[in-house]
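>>> please work out how this folds:
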Amino acid sequence: MSGWTTDSVDGHLARWAGSEGRTTIGRSDIVVDAVFTLGGLAYFLLAGFVAPWLGLAYLTAALVVFVIAPRRATVITFEAPLAALPAIVSLAYRPTLGAIMIAWAAVMLLLDYQRFRWRLGNSANGIGHLFRRR
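Below you'll find the predicted structure:
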C-alpha cells in the first residue's frame, strides 16, 4: 500500500512542480517502479505464495513482449497484475487486511482517476501496437 501511495504522490508532486521527467528520478521512474515490482514478486515467490513455474512463465512472457515492443506501456501493462498481488494474497490469508488494501486502492483510484485513465489508455495503445501489422 505504501508503494502505491508514494508512487502516486511523487508523480503528483513532480507534475505540480513542473518537473515530471526532467529530474534524474523522473527519468528513472519506470525503472524504479519495475525494480520494486520485481522485488515484490521475488518476495511472493520465495515465501511460497506464487508457484515458481507461474512466476517464471509470467516473467518470460513479459520479457518476450518487451523485446517485441520496448515501450513504457509494456512495462506498465505487466506491472499492474503484480501490483495487485499483495492484495490478492492478503485476501486469501488475511481477509481483513486484503479488504483494507482494496479499499485503500479504491480511494487512491478516486483521487488519481485521471492518471489511472491515462495509464489504461497508454497500456491499451501499447498492446494494440503488438497486433498491428508493421
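>>> next, the buried residues of stretch 49-57.
Using 16 or more other CB atoms under 10 Å as the test for burial, stretch 49-57 gives Phe49, Val50, Gly55. Quick note: C-beta positions are derived from backbone N, CA and C, even for glycine.
>>> next one: stretch 99-116
Met101, Ala105, Met108, Asp112.
>>> ditto for stretch 80-97
Neighbour count says stretch 80-97 has Leu82, Ala83, Leu85, Pro86, Ala87, Ile88, Val89, Ser90 buried, by 16+ other CB under 10 Å.
>>> redo these as TSV? Include distance to Arg119.
As requested, the buried residues of stretch 80-97 are exported to TSV (distance: CB to CB, whole Å):
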residue	distance to Arg119
Leu82	14
Ala83	11
Leu85	17
Pro86	18
Ala87	17
Ile88	19
Val89	23
Ser90	23
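>>> got a list of what Ile100 touches?
Shown in contact with Ile100 (CB atoms under 8 Å, 6 or more residues apart in numbering): no residues.
>>> element containing it, please.
helix 95-111 (DSSP states H and E).
>>> let's see that helix as CSV, backbone CA atoms only.
Presented in CSV, the C-alpha positions along helix 95-111 are these (Å, rounded to 0.1, in the frame of the first residue of the first chain):
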residue,chain,number,x,y,z
PRO,A,95,-9.1,-11.2,4.6
THR,A,96,-9.4,-8.1,6.7
LEU,A,97,-6.0,-6.8,5.6
GLY,A,98,-6.9,-7.7,2.0
ALA,A,99,-10.2,-5.7,2.3
ILE,A,100,-8.3,-2.7,3.7
MET,A,101,-5.8,-2.9,0.8
ILE,A,102,-8.6,-3.0,-1.7
ALA,A,103,-10.4,-0.1,0.0
TRP,A,104,-7.2,1.9,0.0
ALA,A,105,-6.7,1.1,-3.7
ALA,A,106,-10.2,2.4,-4.4
VAL,A,107,-9.5,5.6,-2.5
MET,A,108,-6.3,6.1,-4.5
LEU,A,109,-8.1,5.4,-7.7
LEU,A,110,-10.7,8.0,-6.9
LEU,A,111,-8.0,10.5,-6.0
